[in-house]
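Asker: structure for the following, please:
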Amino acid sequence: MSHILQIFSIISGLIPVISAMFNYRRIDKILKIFAAFLLISFLFDVGFWLAQALQNTKNDMPLVHLYLAISLAFFSIIYYRLFFKEALKKTTLILSTITLLVLLYNSLKIWEYPSISNTALSILLIILSLIYFYQLFNRQEFVYIEKQGLFWINAGVLFYSSVNIFFFMLFNQLSNKEQAEVFIIHSLTNIIANILYSVGLFCKPQKTT
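Answerer: Presented below is the predicted three-dimensional model:
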């Protein structure tokens with residue numbers, strides 16, 4: 001069951017990428033940056049799956065550390081551009097810098113699963129996504145929230161991060177059997193998040209200022 005869901009989870013990463021390709025001319029620069037991240041994320045997922053399938057492959061944990069660093073860079077840029085107020089932009093830089101320091105510290109154990117890094121990144125994304133929702137819901141002009149592509153994408157980021165944070169936090173303390181069981185939840189949340197990203201990337205751009 002876990003293996004089948006993992007494959008579906010990986011394949012689901014193609015859905016938002018295809019949505020971005022079909023709607024590429026209409027999406028703005030921020031969504032194009034996010035689409036580039038999704039493509040990179042999909043390629044990493046395929047790589048991780050191949051590494052797992054090839055039993056003779058060496059420990060791929062350094063690539064997991066690298067992926068988290070890339071994720072931090074992309075999301076820091078995305079949310080920095082999303083926030084209107086200078087104070088929120090500075091907050092993004094400060095929180096991202098703190099998270100980067102955590103990632104660098106955890107990278108000292110490069111051959112182990114980066115539980116601390118993944119948890120720190122999840123906390124950062126939960127905070128930034130909640131701030132963005134606050135900004136979105138407190139706009140002075142009237143907007144159709146459901147037509148805002150970034151609303152759906154931000155919802156996907158918040159959903160994925162908040163559901164999986166405890167899995168990331170406790171991963172190294174779980175047995176192999178428990179990891180496989182919990183990974184089912186991770187795969188399901190990843191599929192749902194990719195569907196939300198796809199909806200967001202398929203939305204017609206709306207006025208955001």
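Asker: got any ranges where the chain has weak pLDDT?
Answerer: Where the chain drops to pLDDT under 70, the residues are 1, 55-58, 140-143, 205-209.
Asker: excluding chain neighbours, what is closest to the spatially most central residue of it?
Answerer: Centroid-nearest residue in the chain: V157, 5.6 Å away (criterion: Cα atoms, centre = their mean). Once flanking residues are discounted, V157 sits nearest to S129: 4.9 Å by Cβ to Cβ, 6 or more residues apart in numbering. For every residue, glycine as well, the C-beta is placed using N, CA and C.
Asker: which parts of whichever strand or helix holds that neighbour are buried?
Answerer: Applying DSSP states H and E as the criterion places S129 in helix 115-137. Under the neighbour-count criterion of 16 or more other Cβ atoms under 10 Å, helix 115-137 has 115-129, 131-132, 136 buried.
Asker: which elements pack onto it?
Answerer: helix 61-82, helix 86-106, helix 149-170 (3 or more Cβ pairs under 8 Å, 6 or more residues apart in numbering; DSSP states H and E).
Asker: is Y24 in contact with L31, as I believe?
Answerer: No - contact criterion Cβ atoms under 8 Å: Y24 and L31 do not qualify, at 9.1 Å.
Asker: more crowded one of the two?
Answerer: Ranked by neighbour count (other Cβ atoms under 10 Å), Y24 and L31 place L31 first, with 22 against 12.
Asker: dump the residue contacts of that one.
Answerer: Shown in contact with L31 (Cβ atoms under 8 Å, 6 or more residues apart in numbering): A20, G149, L150, I153, G200, L201, P205.
Asker: pretty sure the second one contacts C203?
Answerer: Translated: G149. Yes - if you go by Cβ under 8 Å, G149 and C203 touch, sitting 3.7 Å apart.
Asker: which of these two has more neighbours?
Answerer: G149 (25 against 22).
Asker: quick check: the gap between the residue nearest to V157 and L136.
Answerer: 10 Å (Cβ to Cβ, to the nearest Å).
Asker: okay, and the common contacts of the two?
Answerer: N154.
Asker: tilt between whichever helix in the chain runs longest and helix 149-170?
Answerer: Among the segments of the chain that qualify as a helix by DSSP state H, the longest is helix 176-202. Relative orientation of helix 176-202 versus helix 149-170 (axes from the mean of the first three to the mean of the last three Cα atoms, to 10 degrees): 170 degrees.
Asker: send me stretch 188-199 as PDB with only the CA atoms.
Answerer: Taking Å, rounded to 0.1, in the frame of the first residue of the first chain, the C-alpha atoms of stretch 188-199 are listed here in PDB:
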ATOM      1  CA  LEU A 188      -1.600  11.300   0.600                       C
ATOM      2  CA  THR A 189      -0.800  14.900   1.800                       C
ATOM      3  CA  ASN A 190       1.700  15.300  -1.100                       C
ATOM      4  CA  ILE A 191      -0.900  14.200  -3.600                       C
ATOM      5  CA  ILE A 192      -3.500  16.600  -2.200                       C
ATOM      6  CA  ALA A 193      -1.000  19.500  -2.100                       C
ATOM      7  CA  ASN A 194       0.000  18.900  -5.700                       C
ATOM      8  CA  ILE A 195      -3.700  19.000  -6.700                       C
ATOM      9  CA  LEU A 196      -4.000  22.400  -4.900                       C
ATOM     10  CA  TYR A 197      -0.900  23.600  -6.600                       C
ATOM     11  CA  SER A 198      -2.400  22.600 -10.000                       C
ATOM     12  CA  VAL A 199      -5.600  24.500  -9.300                       C
END
